[in-house]
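[1] Coordinates for the following, if possible.
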Amino acid sequence: MTAPLELLAGRGTDLLVRIVTVACSDRELPRMAEELAGLVVRSARALTFCDVYVLAEDRRVLEWSGPPVPLGEGEVGWAAAHGRVRPHADGRGAAIPVHSEGTVIAVLDVRSAGPAPPEDLALATALAGLFAPVLCSCRRLRTAREREHAAERFAERAVQAQEAERSRLSREIHDGIAQRLASLGFHLSAAERALPEHHPEGLAQIMMARRLCELAAAETRAAIGGLRPPVLDDLGLSAALATLAREAGDGPGPAGPLDVTVTVEGELEDALPDHVQTALYRIAQEAVGNSLRHASATCVDLLLEHYRDRVRLKVTDDGTGFPVREVPAPDGRGPRPDSYGLRGMRERAELLGGRVSVTSRPGAGTAVEAVIPIPGRSRGAVSPS
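    Predicted coordinates for the structure are as follows:
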């Protein structure tokens with residue numbers, strides 16, 4: 001590296017300033033490759049053209065602004081495959097490999113209007129060696145982000161598949177069991193009317209069967225709503241949370257009537273993706289259910305906050321609370337009866353790159369907070385409190 005550095009230093013401080021400027025600029029491909037190509041042309045005396053080809057992770061093709069170049073094909077592909085400079089046949093440039101840790105990671109293809117001066121080719125070779133670690137870092141960053149995006153798409157498909165199965169079960173229950181229970185109730189009513197009055201024992205059995213049928217029908221309707229609330233598809237997350245609050249407040253809880261309020265703050269440029277809405281609704285549903293079943297709460301507050309790049313949901317109750325150390329670990333081990341519910345909330349959020357935290361202490365209620373990023377949005381400067 002001493003010779004390339006001496007060569008670059010001998011070209012003056014202006015070149016060194018340009019090198020530092022480019023090296024400290026955008027660290028993403030293909031922007032960095034374009035910056036490096038521009039630096040080569042601006043710094044050389046006779047070079048008029050430069051393209052930077054970056055070898056893909058699978059080492060089969062070189063990627064640039066045009067169609068991918070297969071490894072070994074043409075002068076650029078040959079330079080990448082053999083790791084040596086490949087002069088152009090007309091003498092007006094060369095394909096220069098960029099090495100990192102003994103491996104070719106890119107190729108600089110430089111051209112000039114006339115015969116390429118050897119000092120310009122030496123300059124391009126020196127710049128290629130100097131920028132090898134930068135290009136390598138950029139390629140790793142690109143690969144990491146591609147994998148992150150692939151994970152996001154997988155998570156989205158997983159949630160969509162889960163919700164599609166819930167919808168299917170909901171329809172089957174509605175069209176099958178629910179309809180048969182309704183028909184059974186009709187026939188039991190008919191049997192009750194047809195039974196002579198001097199059969200009180202038979203009448204009592206039919207009335208008990210009717211009550212059991214009505215209870216089963218109510219549980220079936222609740223199961224249908226729990227599997228896939230229609231309001232979530234029809235009106236969105238805010239309306240679904242309002243419906244959840246209303247339904248939770250309709251029936252008395254263990255500690256009496258449950259007062260559930262919903263507050264929505266902030267606006268989004270576009271509607272939340274369906275899988276993010278579904279995850280937040282399920283987390284709210286589980287948190288409200290825990291407040292109703294286990295916390296002896298009388299008041300539950302749901303706060304939904306929209307930020308540019310993420311959504312925050314906070315569910316707070318005034319229930320009995322519990323020691324934070326009893327919150328189960330992510331592996332699901334924990335003494336609380338709602339451990340599986342808390343684990344499910346965490347898993348839903350983590351599947352989408354978010355998190356769920358629980359804050360509580362005995363006698364002071366419980367707060368469940370979920371923060372889920374919006375796919376495709378970079379993190380902004382605003383942070384939830």
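
[2] And D109, how far from R246?
    Separation of D109 from R246 (Cβ to Cβ, to the nearest Å): 66 Å. Backbone N, C-alpha and C define where each C-beta goes, glycine included.

[3] In stretch 41-61, which residues are buried?
    V41, S43, A44, A46, L47, C50, D51, V52, Y53, V54, L55, V61 (16 or more other Cβ atoms under 10 Å).

[4] Confirm V98 sits in a strand?
    Yes. Assigned with DSSP: H, G, I helix; E, B strand; the rest coil, V98 falls within a strand.

[5] Which members of the buried residues of stretch 41-61 are positioned in strands?
    Residues of the buried residues of stretch 41-61 located in strands (DSSP state E): L47, C50, D51, V52, Y53, V54, L55, V61.

[6] which among those residues gets closest to R139?
    Set against R139, the nearest of those by Cβ to Cβ is V54 (6.1 Å).

[7] beta partners of the closest residue to the closest one other than its chain neighbours?
    The spatially closest residue to V54, leaving aside those adjacent along the chain, is A106, at 4.7 Å (Cβ to Cβ, 6 or more residues apart in numbering). Beta bridges link A106 to V54, V98, judged by DSSP bridges.

[8] neighbours of A106, just the number please.
    Counted with other Cβ atoms under 10 Å, residues neighbouring A106 total 29.

[9] Likewise for P200?
    By the measure other Cβ under 10 Å, the count of residues near P200 is 10.

[10] before we move on, what about the one 10 residues further on?
    A count of neighbours around R210, defined by other Cβ under 10 Å, yields 17.

[11] Confirm for me that it is in contact with S189.
    Yes. Assessed by Cβ atoms under 8 Å, R210 is found in contact with S189 at 6.9 Å.

[12] Now the helix or strand harbouring A33: buried residues?
    Per DSSP states H and E: A33 is located in helix 31-43. For helix 31-43, burial by neighbour count (16+ other Cβ under 10 Å) applies to M32, A33, E34, E35, L36, A37, L39, V40, V41, S43.

[13] repeat for stretch 183-199
    L184, G185, L188.

[14] Leaving out sequence neighbours, find the closest residue to the last one.
    The shortest distance from L188 to any residue that is not its chain neighbour, by Cβ to Cβ, 6+ apart, is 4.7 Å, and that residue is R210.

[15] give me every residue that touches the one you found.
    G185, L188, S189, E192 (Cβ atoms under 8 Å, 6 or more residues apart in numbering).

[16] Dump the residues you listed into JSON lines; add secondary structure as well.
    Output for these, formatted as JSON lines (three-state DSSP):
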{"residue": "G185", "secondary structure": "helix"}
{"residue": "L188", "secondary structure": "helix"}
{"residue": "S189", "secondary structure": "helix"}
{"residue": "E192", "secondary structure": "helix"}
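
[17] Point out the least confident one among these.
    Lowest-confidence member of those: E192, scoring 86 (pLDDT).

[18] quick revisit: can you pick out the most distant pair from the buried residues of stretch 41-61?
    A46 and V61 (30.1 Å).

[19] Would you agree S43 is in contact with L127?
    Yes. Between S43 and L127 there is a contact under Cβ under 8 Å: 7.1 Å.

[20] any idea how far V288 is from V311?
    According to Cβ to Cβ, V288 stands 17 Å off from V311.

[21] Pop out the phi and psi values for G365.
    Backbone geometry at G365, expressed as degrees, to the nearest 10, gives phi 80, psi -180.

[22] R312 in helix, strand or coil?
    R312 - assigned by three-state DSSP - is strand.

[23] tell me the contacts of it?
    Taking Cβ under 8 Å, 6+ apart, we find R312 in contact with L303, L304, E305, E369, A370, V371, P384.

[24] Same question for E192.
    Per Cβ under 8 Å, 6+ apart, neighbours of E192: L203, I206, M207, R210.

[25] one more time with 6 Å
    E192 is in contact with I206, counting by Cβ atoms under 6 Å, 6 or more residues apart in numbering.

[26] What's the separation between the nearest residue to R348 once chain neighbours are set aside and S189?
    Nearest non-adjacent residue to R348, counting by Cβ to Cβ, 6+ apart: A279, 4.7 Å away. From A279 across to S189, the span is 42 Å (Cβ to Cβ).

[27] Likewise for S25?
    Look at S25 and S189: by Cβ to Cβ, they are 78 Å apart.

[28] Next: T48.
    From T48 over to S189 (counting by Cβ to Cβ), the distance is 92 Å.

[29] what's the answer for L212, then?
    To S189, L212 is 14 Å away according to Cβ to Cβ.

[30] just A80 next, same as before
    Counting by Cβ to Cβ - A80 and S189 are separated by 81 Å.

[31] What are the contacting residues of stretch 276-284?
    Identification of contacts with stretch 276-284 by Cβ under 6 Å, 6+ apart yields E163, L232, L237, A240, L241, L313, M345, R348, L352, A370, I372.

[32] returning to what we had before: tell me which of D109 and R246 has more neighbours.
    D109 (24 against 11).

[33] So the more buried one, which state does it fall into?
    With three-state DSSP as the basis, D109 sits in strand.

[34] Is D58 in a helix, a strand, or coil?
    Per three-state DSSP, the secondary structure class of D58 is coil.

[35] ok, now which ones touch it?
    Under the criterion of Cβ under 6 Å, 6+ apart, D58 has no neighbours.
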